Each structure stands twice: as C-alpha cells, then as structure tokens.
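Undergrad: Predicted coordinates and the sequence they were generated for:
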Amino acid sequence: MAWEIEPTPFMEVKKSYDWGIVLTGVTSNDQEPGDRVYFHHGADRVVHTVELYKRGLIKKIIISGGSGRLVTKARKEADELFQVMQLMGVPKEAMLVENESRNTHESAVAVKKILEHQPGTSVLLITSAFHLRRSAGCFRKAGLPVDVFSTDFYSHPRYFTPDVFLIPKADAFLIWQKLLKEWTGIVAYWVAGYV
C-alpha cells in the first residue's frame, strides 16, 4: 500500500488532457488461438483509459509497447490494445500506436518523439500503481512532463478479521516478488540513467 500511487477518482481529474498514454504489459500475447486478446492482471489499464476517454478527460490515446521479447517473436501488445479499445467504442482516429518499444524507457523515448512537435501538450500517463513511479520517472527524464493516473492495484484495504489476520495467503509471496522486481528495475534504470 505504501508503494502504490493512490487512485485518483474520476471526479478529481481537474482538466481535459490532450493525450492519455497507456503502457502495455497486460496481455499474454503468445496464447493461442491468436484470434483474440488474452488479458492477465492489469486489464484496468485498458478499461480505465477508455473510461477517461469517454468522460472527455483525455482527447486522444497513445498506446505504447511492443512485445518486450529480446529473442523470440510475439504479437505486439499495443496492436492488441488498439483492437480491444476499438471494440470498446474508441474510434481509431482517436488513437496512435507505438509498438516498437521493448521496455518503459524505450516507450518514454518513442512517445517523446511522437509529441515533440506539439509544445504545450498536456499528457496523462496511465499504468499500474506499482509501476507508476518508474514509468513517470522515465517519461520525465525523457523530457515529457506527465501527470499520472494509477490503475491495476495489488494492494487493498486492510481488514483485521481472523480469516485475514491469521491465515497466511500464498498470493502475498507473489506480490512481494512483483514488488522486488519493480524495485530492482528502478535501481537498474537509475544506474542506466533512465530515471
């Protein structure tokens, strides 16, 4: 709970942004058959981005992220999210796809290039709450000031009932693994000069 950036209620988004940037990392893009999109934890990124668009809080959407694979090929995630958002009613003219980046740093650099000829553009970065610190750092380091909108929470309100307080949960170990991976990523990005 201390690590994740708190959610912003839609009613507290005080302006309409020119662009909402949604980062990928939410699909299983090697699942078959390949005629549909397979989501794992994190579909909130897509659903909340579409809701921001439909509420008029973002005017256009940039979907950023390729496959992330270094050796093997996989479907490009940004293309998959583009397909899903169209099915959810977002017109294709309201979206741009950046599907070559393999990590958050590359996404930030690529999106900066897309928007560099649009000075004064307001940007809302949409990604998972646990990933938001590193991703916002990358975009700001790339020279693109962003406001943030967190989604896809692993934390939840604490309850101190016997079933929660006394019985261990196996998924707590998985969440710690994800958090340790994110912390390692931040250190690696700091050493590389990406944040």
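TA: Structure received. Numbers count the residues shown, from 1 in each chain.
Undergrad: Could you measure from D152 over to P119?
TA: 31 Å (C-beta to C-beta, to the nearest Å). No exception for glycine: its C-beta is placed from N, CA and C like everyone else's.
Undergrad: Comparing the two, which shows the higher neighbour count?
TA: Using other C-beta atoms under 10 Å as the criterion, D152 and P119 rank with D152 on top: 22 against 6.
Undergrad: How about the contacts made by the more buried one?
TA: V26, H41, G42, A43, D44, R45, T127, S128, A129, F130 (C-beta atoms under 8 Å, 6 or more residues apart in numbering).
Undergrad: cool, and S150?
TA: With C-beta under 8 Å, 6+ apart, S150 has these contacts: E4, I5, E6, P7, T8, T127, S128, A129, L132.
Undergrad: Repeat the analysis, applying 7 Å as the threshold.
TA: Counting by C-beta atoms under 7 Å, 6 or more residues apart in numbering, S150 makes contact with E4, I5, E6, P7, A129, L132.
Undergrad: how about low-confidence regions in the protein?
TA: In the predicted model, the chain carries pLDDT under 70 at residues 68-74, 156-157, 159-160, 164-165, 168.
Undergrad: 80 instead, please
TA: For the chain, the stretches with pLDDT under 80 are 1-4, 27-32, 34-36, 38-42, 67-75, 119-120, 154-176.
Undergrad: Report the central residue of it.
TA: Nearest to the mean C-alpha position of the chain, by C-alpha atoms, centre = their mean, lies T127 at 2.5 Å.
Undergrad: So among the contacts of D152, which ones count as buried?
TA: V26, G42, A43, D44, R45, T127, S128, A129, F130 (16 or more other C-beta atoms under 10 Å).
Undergrad: Now render those as JSON lines, adding secondary structure.
TA: Below are the buried ones among the contacts of D152 laid out as JSON lines (DSSP: H, G, I helix; E, B strand; the rest coil):
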{"residue": "V26", "secondary structure": "coil"}
{"residue": "G42", "secondary structure": "coil"}
{"residue": "A43", "secondary structure": "coil"}
{"residue": "D44", "secondary structure": "helix"}
{"residue": "R45", "secondary structure": "helix"}
{"residue": "T127", "secondary structure": "strand"}
{"residue": "S128", "secondary structure": "strand"}
{"residue": "A129", "secondary structure": "coil"}
{"residue": "F130", "secondary structure": "coil"}
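Undergrad: Farthest pair within those residues?
TA: By the measure C-beta to C-beta, A43 and F130 form the most distant pair in these, at 15.1 Å.
Undergrad: where do the helices sit along the protein?
TA: 44-54, 77-87, 104-115, 132-141, 162-165, 170-192 (DSSP state H).
Undergrad: Extract the C-alpha set from the third one and format it as CSV.
TA: Going back to what we said before, that points to helix 104-115. In CSV, the C-alpha atoms belonging to helix 104-115 read as follows (Å, rounded to 0.1, in the frame of the first residue of the first chain):
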residue,chain,number,x,y,z
THR,A,104,9.4,1.5,-20.3
HIS,A,105,12.4,3.6,-21.1
GLU,A,106,12.0,2.9,-24.8
SER,A,107,8.3,3.8,-24.5
ALA,A,108,9.1,7.1,-23.0
VAL,A,109,11.7,8.0,-25.7
ALA,A,110,9.4,6.9,-28.5
VAL,A,111,6.3,8.8,-27.2
LYS,A,112,8.5,11.9,-26.6
LYS,A,113,9.4,11.8,-30.3
ILE,A,114,5.8,11.5,-31.3
LEU,A,115,4.8,14.5,-29.2
